[in-house]
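Enquirer: Below is the sequence, then the predicted model.
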Amino acid sequence: RSAGRAKEVGIRKVLGSFRIQLIGQFLTESMASSVLSMLLALILVRLILLPFNLLSGKTLGMEDLSQSPLIFIVLAITIITGFLAGGYPAFFISAFRPVSALKGHLRTGVKAAWFRRGLVVFQFTASIILIIGTFIVYNQLHYIQNKKLGYQKEQVLILNDTYLLGKQTETFKNEMLAYPEIISGTVTDYLPITPSERNNAGVFPDGERNSKLASPMQNWVVDHDYIKTMGMTIVEGRDFSRAHSTDVDAAIINQAMAKHFNWDRPLEHRGGEVLGLKEGLKLHRVIGVVEDFHYESLRDNIGPLVMYLGSSRGSISFRLKTEDIAKTIGLLETKWRQFLPNAPFSYAFMDERFEAMYQSEQRVGKIFAVFAILAVFIGCLGLFGLAAFIAEQRTREIGIRKVLGATAPGIIGLLMREFVILIAAANVIAWPMAYFLMKRWLTDFAYRVSIGGWFGIATGVLTLFIAMLTVIYQAMSAAFMNPVDSLRYE
């Protein structure tokens, strides 16, 4: 906008102003704007600090600003910004010859034009990268939340600290199963979510200590109702059964373990569990193979796992009916008070624990979205400024074109064309950069979405639409201006 003050500079010079006075005026005006912006920013920071802390998981306060070198950095940025913003009119426009300034024959130069356009391209490149990043983060989170996990996490309530029940744990479980609101229950600390119990112990195929395939893997202690309560699928063989007393020496493995040991017929094999240096190995006959399920974050591949019957009483998981969850929780608490009147009643839902595993990714997604909106807004400010500048510079050209028969839609299209090219250039630069950055982010996940071309296309259309909304006002103002007003002084 500073180019619009060229005539003011010319008149002031004719009336006797010195260049140093003009430089001082421009820098003072710019510095005052910068300081005012800083004060407004501090007020806004104060207002949004609480939601920002909730978003980022931090506990920042205004006192962190005053008790750290950050306040000096803020002041330095304010002064530097004011100087840079006022430097162009102060040192460049103040050097114009009065005659040229008053006639409007200012040559801002090709380099200056490319610099202005470059800034807009840079701003929108950053915006596009953030928008694509937001799309991919949310797409990955949607994939995680909807991926087939190999178990059913919904409607499972985990009752904590059930070790306090001691030998009454099974009695408590069976009494709760008498209620029709509860479908099934399992007593175990080993759950397919984190945090929960884990035991990475050595397993030897068919007891072969010297086997090259022997390796540490997950050893889980479960009860007879674990597979049913977790909603897992037996793909070969059978589940643990109370009708088979020999199941205390049996094992159920996942498909990953059968693949690891190259067992085409896993039910014909046994897994060797290390009992100790003196006791040697305990062999467990494989009676079933469960479909692979995700027991860690989707950042990790599904590893080999074996389940044995045993006692692990840290928690009880109940699968509930969906009709009245609040009533069922009330029944659980009442029964808990009967067994342990003074012990705290603590529970969690498995799906909530599952989502908590990905809190950092959800936070990243929200932060990406917020900063993408801010980046687009700032980019639009730059675009609006450039549109205003170009419309002002080409006022007379537009007036002449209208006198010669150009229509308003034609004028708007003429002005829009340049901005379409700038946004297209920003997309071409941003797409490969966004692809590289998000590809690296996705490498943290063993199971991830693919980065399709639609991300770039959707972002390109969105940014182009936003850009057109930004400049349409300036383009229409210039196109519908009366040519007499723009040419009357020529």
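Expert: Done, it's in. Numbers count the residues shown, from 1 in each chain.

Enquirer: Pro180: how many residues sit nearby?
Expert: Counted with other Cβ atoms under 10 Å, the neighbours of Pro180 add up to 9. Heads up, the C-betas are built off the backbone N, CA and C, glycines and all.

Enquirer: same deal with Ala426?
Expert: 25.

Enquirer: From Val420, how far off is it?
Expert: 11 Å (Cβ to Cβ, to the nearest Å).

Enquirer: cool, Arg116 as well?
Expert: 16 Å.

Enquirer: cool, and Leu320?
Expert: 56 Å.

Enquirer: Then Asp64?
Expert: Counting by Cβ to Cβ, the gap from Asp64 to Val420 is 44 Å.

Enquirer: out of Arg116 and Val420, which sits in the busier spot?
Expert: Just comparing Arg116 and Val420: by other Cβ under 10 Å the higher neighbour count belongs to Arg116, 17 against 14.

Enquirer: give me every residue that touches that one.
Expert: Leu386, Phe389 (Cβ atoms under 8 Å, 6 or more residues apart in numbering).

Enquirer: I believe it is in a helix; please confirm or correct that.
Expert: Yes. Arg116 sits within a helix when classified using DSSP: H, G, I helix; E, B strand; the rest coil.

Enquirer: pLDDT on the helix or strand containing Ile316, on average?
Expert: Here Ile316 is covered by strand 315-320, with elements defined by DSSP states H and E. If you average the pLDDT over strand 315-320, you get 94.

Enquirer: repeat for stretch 65-81
Expert: Mean predicted lDDT for stretch 65-81 stands at 86.

Enquirer: what does it contact?
Expert: Met31, Ser34, Val35, Ser37, Met38, Leu42, Val45, Asp64.

Enquirer: Just among these, which is most surrounded?
Expert: Ser34 (20 neighbours).

Enquirer: For the most centrally placed residue in the chain, give me its contacts.
Expert: Residue closest to the average C-alpha location in the chain (Cα atoms, centre = their mean): Gly365, at 1.7 Å. Contacts for Gly365 (Cβ under 8 Å, 6+ apart) come out as Thr134, Val137, Tyr138, Leu141.

Enquirer: Kindly tell me how buried the spatially closest residue to it that is not a sequence neighbour is, as a neighbour count.
Expert: Residue nearest to Gly365 in three dimensions, not counting chain neighbours: Val137, with 4.1 Å by Cβ to Cβ, 6 or more residues apart in numbering. For Val137, the neighbour count with other Cβ under 10 Å is 22.

Enquirer: Help me confirm that Val137 is found in a helix?
Expert: Yes. Applying three-state DSSP, one finds Val137 inside a helix.

Enquirer: got a list of what it touches?
Expert: Glu361, Val364, Gly365, Phe368, Met438, Trp441.

Enquirer: coming back round to it: please flag which of the contacts of stretch 65-81 sit within helices.
Expert: Here DSSP state H is the test, and those give Met31, Ser34, Val35, Ser37, Met38, Leu42, Val45, Asp64 as lying in helices.

Enquirer: what sits against the second one?
Expert: Each residue near Ser34 by Cβ under 8 Å, 6+ apart is listed here: Thr78, Ile79, Thr81, Gly82, Ala85.

Enquirer: so what pLDDT did it get?
Expert: So Ser34 comes in at 94 (pLDDT).

Enquirer: same thing with the one 3 residues further on?
Expert: The predicted local distance difference test score for Ser37 is 94.

Enquirer: Ok, the one 4 residues further on next?
Expert: The confidence metric pLDDT takes the value 92 at Ala41.

Enquirer: and it, how many residues sit next to it?
Expert: Neighbours of Ala41 (other Cβ under 10 Å): 12.

Enquirer: Tyr347: neighbour count?
Expert: Applying other Cβ under 10 Å, I find that Tyr347 has 16 neighbouring residues.

Enquirer: quick one: it from Tyr447, how far?
Expert: 29 Å.

Enquirer: before we move on, back to that, save the ones in helices among the contacts of stretch 65-81 as JSON lines, and put in distance to Ala387 too.
Expert: Shown next, in JSON lines, are the ones in helices among the contacts of stretch 65-81 (distance: Cβ to Cβ, whole Å):
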{"residue": "Met31", "distance to Ala387": "26"}
{"residue": "Ser34", "distance to Ala387": "23"}
{"residue": "Val35", "distance to Ala387": "27"}
{"residue": "Ser37", "distance to Ala387": "22"}
{"residue": "Met38", "distance to Ala387": "27"}
{"residue": "Leu42", "distance to Ala387": "30"}
{"residue": "Val45", "distance to Ala387": "30"}
{"residue": "Asp64", "distance to Ala387": "39"}
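
Enquirer: and which of those is nearest Lys282?
Expert: Asp64 (57.3 Å; Cβ to Cβ).

Enquirer: Give me the next element, helix or strand, following the longest strand belonging to the chain.
Expert: Taking DSSP state E as the criterion, the chain has its longest strand at strand 280-290. Counting by DSSP H and E, the next helix or strand C-terminal to strand 280-290 is strand 305-309.

Enquirer: how close does Ser68 sit to Met62?
Expert: 11 Å.

Enquirer: Quickly find the element holding Thr171.
Expert: Using DSSP H and E, Thr171 falls in helix 169-177.

Enquirer: buried set for that helix?
Expert: Using 16 or more other Cβ atoms under 10 Å as the test for burial, helix 169-177 gives Thr169, Phe172, Lys173, Met176.

Enquirer: Take those residues and write them to a markdown table, including distance to Asp161 and pLDDT.
Expert: Formatted as a markdown table, the buried residues of helix 169-177 follow (distance: Cβ to Cβ, whole Å; pLDDT from 0 to 100):
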| residue | distance to Asp161 | pLDDT |
| --- | --- | --- |
| Thr169 | 11 | 92 |
| Phe172 | 12 | 94 |
| Lys173 | 14 | 93 |
| Met176 | 15 | 94 |
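
Enquirer: still on that earlier bit, roughly how far out does the helix or strand following the helix holding Thr171 sit from the chain middle?
Expert: With elements assigned by DSSP H and E, the helix or strand that comes after helix 169-177 is strand 182-187. Distance of strand 182-187 from the chain centroid (Cα atoms, centre = their mean, to the nearest Å) equals 36 Å.
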